[in-house]
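> Sequence first, then the predicted structure, then my questions.
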Amino acid sequence: MSEIMPPRLPLPEGAELRYDWVTRIGERDKTEGGYHILFGEDRAAESMWHFGEKYVRGAGNAHAHLFWLGTNDPYRGRGLGRILLRETLRRAQESGARGSDLRCNIDNFYAHALYRAEGYEPNDLLWAFRLVR
């Protein structure tokens, strides 16, 4: 297996990246994590993901579902979404995920462009990304 993750991107000046990890006791298949990009006390962007059975039956920890990626209006256009997407996928891969999927509104064309540029491919139900070859 080889990693196919693109390189890390630098944070804009004044930004801080924080990771939050939640494990529910006895529910390993529902382990989740998320990143936040902060400018001081202001939350500029955030992402959240789950492992396992919640979205892909039988996947266990081999699959991660990105269920939230968003940038607040005043911070759009700074590349924060791309930074969060890469960091979230990197963390999922380091935790054992071999693939990832996400759902996106059909009219969110900026997000579609980001996901395509980062290697996701749309299908009938969701966007999918392989973390290893």
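Looks like it came in fine. Numbering: from 1, shown residues only.
> For stretch 100-116, buried residues please.
Neighbour-count burial for stretch 100-116, counted by 16 or more other C-beta atoms under 10 Å, picks out 100, 101, 102, 104, 111, 112, 114, 115. Placement of C-beta: from N, CA and C, glycine included.
> out of those residues, who's nearest residue 17?
residue 114 (17.7 Å; C-beta to C-beta).
> ok so that closest one is a helix residue?
Yes: Residue 114 forms part of a helix when assessed by DSSP: H, G, I helix; E, B strand; the rest coil.
> Is it correct that it is in contact with residue 82?
Yes: taking C-beta atoms under 8 Å as the definition, residue 114 is a contact partner of residue 82 at 6.2 Å.
> which residues of this structure score low on pLDDT?
1-4, 21-31, 52-57, 59, 125-133 (pLDDT under 70).
> which residue ranges form the strands in it?
Using DSSP state E, the strands of the chain run over residues 15-22, 32-39, 42-51, 63-71, 99-102, 121-122, 127-130.
> Tell me which residues of the longest helix belonging to the chain come out buried.
Selection of the longest helix in the chain by residue count, based on DSSP state H, yields helix 80-94. Judged by neighbour count (16+ other C-beta under 10 Å), helix 80-94 contains these buried residues: 80-89, 91-93.
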